[in-house]
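**Student:** got a sequence here, can you build the structure:
(one chain, ligands or ions: 1)
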Amino acid sequence: MKKYFYPLVENPYRPKDINEAIKVLKSSKITSGPKTLEFQSKFSKKIKTNYSLLVNSGSSANLLAIQCLINPYRKRRLKHGDQILIPSLCWSTSLWPIIQSGLKPKFVDVEKETLNLDLNDLRKKISKNTKGIMLVHVLGNSTNMNDLMNIIKKHNLILIEDTCESLGTTYKNKYLGTFGEFSSFSFYSSHQISSGEGGMICCKNEEDFEIIKSLRAHGWSRGLKYEKKIAKNNKQLDKRFIFYNSGFNLRSTDISASIGLSQFKDLDKFIKVRRANRNLIIKSFQKKKINNFFNIIKENKYVKPSWFGIPILISKSLKRNKIINNLEKKGVETRPIISGNFLKQPSIKKYKLNKNVKMKNAEYINQKGFFIGLPTKPLGKATIEKLATTFEQSI
Ligand SMILES: Cc1ncc(COP(=O)(O)O)c(C=O)c1O
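**Tutor:** Residues are numbered from 1 along each chain as shown. You can find the predicted model right below:
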C-alpha cells in the first residue's frame, strides 16, 4: 500500500467506537436490534426529521427511496418511464436505482462555484414528464435550497436528497436531508461519520416509512404498524411469516449501529475540527500565494457546511494529470470530485444514456477538479506547511 503523509482518510475508528462494537458482540445480539433503534431515534431527533431507518449503505438508502416511489402501496406513485432529474456530477448509486426501477433519468448541469445543482439549467430541463429530482449535495456544500424548494412546489415535484456526502450541513439553519420527502446518508469509512459500511434513509410521512420498513426486510409484515391488522386479513397464514410487500434485505447490524451511533454523538466536534483544519490550509495556500492556482471551493450563501474533504479546481493553465501525479508521488492522496462528469463513464454509454447531452460545468470539473482529505483530528503546523509546499512544488 502507498504511504501518504496526507491521505484521503485516516483510521476513523476511535477506541470508544470499537468498545461499543465489542459490547454488542459480547451481548450476542448482533443483528438489527436495540442499538439500531437507538441510532435511528437519535438521528431523527438531531437532524429534525420525522422518520429514520438504518440500512447497510447510502446506496441502499437511495434504492429504497426510489423503490418506495414506484411501490403499489404508495398513494402517489410513479409509473414506468416517469422522469427524474439528476445532476451529472453524481455518484453511481445516486443514478442507477432510477434506471433499475424503470424510471428515466435526465441530467442537469452543476455550478462551477459550488459544485452543486445549477438551478437555471434545472428550470430548462423540467417538462411535463418530470416527476422528481434526485438532488446530490456535493461534499458538504449545497445549492440554493430556497429557490429549489420554490421550483419543487411550483411543479409539484418529489424531492429526494442524496445527502451521503453532507451529514451535518445546514442551509439557513435547517439540516440538509430534511427538505425533501426522502433523504439518504452514508456512513462509509471516508464520510462525516463512519460505521464501516452503513447508511440512513429518512422520510417525512408514515405511509412511506411503513413501505421502506417492509422493503428493507424481505417485504415482511414484521414490525409494521399494521402488523396485527395484516395478520387478521390473512388468517390462512402463520401470522409471524406474512410477506406483505416486495422486498430486499438491506438491514444493517447492531455492530455497525453501535459504531455509527458512537461517532454520531461527536458529529459536531468532527465538523468543528474539520472546519478549523480547512481554514488553516486555506491560509497556508494564501501565504504561499498559490491560491490563484488552486481554487478551494467555498460554501454557498446561507450554507453552514460540514465539509467532506477539500474540493479544488485548478487554474485553466494547469494540467490536472500533471498536478495529480506530482501530488500523489509526493504523498498527497487525491480523488475526483465524486466521480467527475458521470456522463463520461462507460456504464452510461452501455445503457445509452448520453445521447446528445453536454454538461459544460460538470465537464470542466471533470477536467480541472479533484479533492483531498480533511481529517477529524487537528492538523499540526508541520503537516500544513508540508502540504502547502507539496502543492507549490506540484505546479
Ligand atoms: C453522493 C453519494 N451518494 C451515494 C453514495 C453511496 O454510499 P455508500 O458507499 O454508503 O453506498 C456515495 C458514496 O460515497 C456518494 O458519494
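**Student:** state the phi and psi torsions of residue 58.
**Tutor:** phi -70, psi -30 (degrees, to the nearest 10).
**Student:** what's the local residue count around it?
**Tutor:** 27 (other Cβ atoms under 10 Å). Bear in mind the C-beta positions are built from the backbone N, C-alpha and C, glycine included.
**Student:** please apply the same query to residue 30.
**Tutor:** 14.
**Student:** check the one 5 residues further on too.
**Tutor:** Residue neighbour count, defined by other Cβ under 10 Å, stands at 27 for residue 35.
**Student:** pull out the buried positions in whichever strand or helix holds it.
**Tutor:** Element membership for residue 35, per DSSP states H and E: helix 34-47. Within helix 34-47, the residues that count as buried by 16 or more other Cβ atoms under 10 Å are 35, 36, 39, 40, 43, 44, 47.
**Student:** please apply the same query to stretch 110-118.
**Tutor:** 110, 111, 112, 114, 115, 116, 117, 118.
**Student:** swap in stretch 78-91?
**Tutor:** With burial defined by 16+ other Cβ under 10 Å, the residues of stretch 78-91 counted as buried are 78, 82, 83, 84, 85, 86, 87, 88, 89, 90, 91.
**Student:** and the gap between the second one and residue 46?
**Tutor:** Okay, so that is residue 82. Computed with Cβ to Cβ, to the nearest Å, the distance linking residue 82 and residue 46 is 33 Å.
**Student:** check contacts around the residue of the stretch 1-150 of the chain at minimum distance from the ligand.
**Tutor:** For the stretch 1-150 of the chain, the residue closest to the ligand is residue 58, as judged by Cβ to the nearest ligand atom, at 2.8 Å. Residues in contact with residue 58, defined by Cβ atoms under 8 Å, 6 or more residues apart in numbering, are 93, 162, 164, 184, 185, 186, 187, 188, 191, 199.
**Student:** which members of those are classed as buried?
**Tutor:** 93, 162, 164, 184, 185, 186, 187, 188, 191, 199.
**Student:** make TSV out of those residues and add pLDDT, distance to the ligand and secondary structure.
**Tutor:** As requested, the buried ones among the contacts of residue 58 are exported to TSV (pLDDT from 0 to 100; distance: Cβ to the nearest ligand atom, whole Å; DSSP: H, G, I helix; E, B strand; the rest coil):
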residue	pLDDT	distance to the ligand	secondary structure
93	98	5	helix
162	98	5	strand
164	98	4	coil
184	98	7	strand
185	98	8	strand
186	98	3	strand
187	98	7	coil
188	97	4	coil
191	95	7	coil
199	98	5	strand
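**Student:** so what's residue 246 up against?
**Tutor:** So residue 246 contacts 71, 215, 219 (Cβ under 8 Å, 6+ apart).
**Student:** rerun at 7 Å
**Tutor:** residue 219 (Cβ atoms under 7 Å, 6 or more residues apart in numbering).
**Student:** over to residue 319?
**Tutor:** Counting by Cβ under 7 Å, 6+ apart, residue 319 has no contacts.
**Student:** so what's the backbone phi/psi at it?
**Tutor:** phi -100, psi 130.
**Student:** where does it land on pLDDT?
**Tutor:** Per-residue confidence (pLDDT) for residue 319: 96.
**Student:** measure it to the ligand for me?
**Tutor:** 26 Å (Cβ to the nearest ligand atom, to the nearest Å).
**Student:** what about residue 76, neighbour count?
**Tutor:** 10.
**Student:** again, but for residue 325
**Tutor:** Residue neighbour count, defined by other Cβ under 10 Å, stands at 13 for residue 325.
**Student:** not counting the strand or helix carrying it itself, show me its contacts.
**Tutor:** Using DSSP H and E, the element containing residue 325 is helix 320-329. Residues outside helix 320-329 that contact it (Cβ under 7 Å, 6+ apart) are 314, 334, 367, 368, 370, 390, 394.
**Student:** can you tell me the closest non-neighbouring residue to the fifth one?
**Tutor:** Which is residue 370. With Cβ to Cβ, 6 or more residues apart in numbering as the criterion, residue 370 has its nearest non-adjacent residue at 4.7 Å, and that residue is residue 334.
**Student:** list the contacts for the one you found?
**Tutor:** 324, 327, 328, 370, 372.
**Student:** tell me which residue is most central in the chain.
**Tutor:** Residue closest to the mean C-alpha point of the chain, counted by Cα atoms, centre = their mean, is residue 164 at 1.3 Å.
**Student:** ok, now which ones touch that one?
**Tutor:** 58, 91, 184, 185, 186.
**Student:** can you name the residues bridging to the third one?
**Tutor:** Beta-bridge partners recorded for residue 184 (DSSP bridges): residue 162, residue 201.
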